[in-house]
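[1] have a look; sequence and predicted model below, questions after that.
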Amino acid sequence: MFSEEAQWIQTALSAIINTSDKTAINFGSSTQYFRAQIQPHIDQYIFQPLEDHGWKIVHVDIKKEDGVDYIADLTDVKFSEQFGIKASLVICTNMLEHVTNIALAVNNLIAATKPGGYLLITVPYKYKKHLDPIDNMFRPTPPEIAALFSNTQVEIIKSAVIVINDKNYYRVKKSSFPLWGKRERVLYHLGKRYKVSGVLLKINP
């Protein structure tokens, strides 16, 4: 996750941070070390502010690691039968581009969200292919993310295309062809920026 993306998420969640039901699920959480050390902006801008306001967060991932509270596969057809937790806020960042069945993942996100609850979703909009282990090249606009929920009553609370201006994310890499290794930095100086689509949706009962 980009730092500017995490900051936008913090701003978006500020609209609901004082809601009475302070339960949250973070899908694709990775480890506590990843959230706090490798990409510390994740904890700094997202989870620490929630916890400071009394939120209880369940971190969910497909594998058991330090900082993963619950093991589950969001792309499992039996997910809704086996996953017994619902929360007023469900967070799913940078995941939908890595699944083979987006519609199934969306349905499972809805299943984990309480009626009247919120879904926070981010997906790359302008970004290179990155395998984890696959990249389906889903690169939606915010309205296209919301359109995935056409069978559910949803309200867009916040949405944005987040432009990544931090030069540190445009790296110079070793390459047998020097210009090729500098392509990210060259594109940065030409005004080509990575972008992320973000939406905060309310699931209406």
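    Happy to help now that I have it. Numbers count the residues shown, from 1 in each chain.

[2] show me what the helix or strand of the chain with the lowest mean pLDDT is in contact with.
    The element with the least model confidence among the helices and strands of the chain, by mean pLDDT, DSSP states H and E, is helix 178-181, at a mean of 82. Taking Cβ atoms under 8 Å, 6 or more residues apart in numbering as the criterion, the residues outside helix 178-181 that touch it are 172, 173, 174, 175, 186. Just so you know, the C-beta spots here come from the backbone N, C-alpha and C atoms, and that holds for glycine as well.

[3] how about the second one: what's its closest non-neighbour residue?
    Put plainly, it is residue 173. With Cβ to Cβ, 6 or more residues apart in numbering as the criterion, residue 173 has its nearest non-adjacent residue at 4.6 Å, and that residue is residue 181.

[4] circling back to that earlier point, farthest pair in the contacts of helix 178-181?
    Within those, two members stand farthest from each other by Cβ to Cβ: 174 and 186, at 15.6 Å.

[5] more neighbours: which of the two?
    For residue 174 versus residue 186, the count of surrounding residues by other Cβ atoms under 10 Å is larger for residue 186: 13 against 6.

[6] ok, that one - contacts?
    By Cβ under 8 Å, 6+ apart, residue 186 lies in contact with residue 179.

[7] that one sits in which helix or strand?
    In this structure, residue 186 is located in helix 183-189 according to DSSP states H and E.

[8] roughly how far out does that helix sit from the chain middle?
    For helix 183-189, the separation from the chain centroid amounts to 25 Å (computed by Cα atoms, centre = their mean, to the nearest Å).

[9] and the helices in the chain, which stretches?
    In chain order, the chain shows helices spanning 3-13, 32-33, 41-42, 48-52, 79-82, 102-111, 142-147, 178-181, 183-189, with DSSP state H as the criterion.
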